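Trainee: what's the 3D shape of this:
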Amino acid sequence: MGFRGPRKTGRPRKIGRPRAARRSKSWIRPLIFAVFIAAAGYSVLDSRQSPAPGGGVSDDALVASAYENQQSDLQVQGEGVVLRILPDDTRGSRHQKFLLKLASGQTLLVAHNIDIAPRIPQLQEGDVVAFRGEYEWNERGGVVHWTHKANDGNHRSGWLRHRGITYD
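Mentor: Residues are numbered from 1 along each chain as shown. Modelled structure (predicted):
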């Protein structure tokens, strides 16, 4: 088969691979498109789960709802301003403790296990601290703990971020 003249469309026929061979790889473009869309979607979800240093997504509404409904065992993240630094809890596992005030006005006690994760050095009232951990209800606003890498299969890893350094 060679060149037979112009096609009905007025364009010359392409010489090369037969149409069947060209069609056999027609799935590649949709596959590449689907992979690109999936990667973009994952990137958006991941950015919601791991805020960038100094900012990020806050679960203030989730924390407020958990407080109002007396819910516990919720994975939350956000950031707040250090309202007060409390003495370390030295009974059992040692915990660095401080109160955070969220943008919503709610306060949270942060109990950061310093036997598992490093202490935040030079933490001061007025500093901004981002967090991810497990929320436990109490009548004063709640506690966030598990702000460190999970050492069992029952909890998700958490962290604290202060002045661009992540403590987990």
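
Trainee: The longest strand belonging to the chain pairs with which strands, and in what direction?
Mentor: Longest strand of the chain, by residue count under DSSP state E: strand 74-89. Next to strand 74-89 in the sheet, as set by DSSP bridges, lie strand 95-102 (antiparallel), strand 128-136 (antiparallel).

Trainee: which parts of it are buried?
Mentor: 74, 75, 76, 77, 78, 79, 80, 82 (16 or more other CB atoms under 10 Å). (C-beta placed from N, C-alpha, C; glycine too.)

Trainee: list the contacts for the first one?
Mentor: Okay, so that is residue 74. Contact analysis of residue 74 by CB atoms under 8 Å, 6 or more residues apart in numbering lists 62, 66, 134, 135.

Trainee: again, only this time at 10 Å
Mentor: Residue 74 makes contact with 59, 62, 63, 65, 66, 133, 134, 135, 136, 137, 142, 144 under the criterion CB atoms under 10 Å, 6 or more residues apart in numbering.

Trainee: repeat for the third one
Mentor: Contact partners of residue 76, counting by CB under 10 Å, 6+ apart, are 58-60, 62-63, 66, 108, 131-135, 142, 144, 158.

Trainee: mind redoing it with 8 Å?
Mentor: 59, 62, 63, 66, 131, 132, 133, 134, 135, 144 are the contacts of residue 76 under CB under 8 Å, 6+ apart.

Trainee: Now tabulate those in a markdown table and tack on distance to residue 94, neighbour count and pLDDT.
Mentor: Formatted as a markdown table, the contacts of residue 76 follow (distance: CB to CB, whole Å; neighbours: other CB atoms under 10 Å; pLDDT from 0 to 100):
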| residue | distance to residue 94 | neighbour count | pLDDT |
| --- | --- | --- | --- |
| 59 | 26 | 19 | 77 |
| 62 | 28 | 16 | 88 |
| 63 | 25 | 25 | 88 |
| 66 | 26 | 19 | 88 |
| 131 | 18 | 25 | 95 |
| 132 | 20 | 24 | 95 |
| 133 | 16 | 27 | 94 |
| 134 | 18 | 18 | 94 |
| 135 | 21 | 22 | 95 |
| 144 | 17 | 26 | 96 |
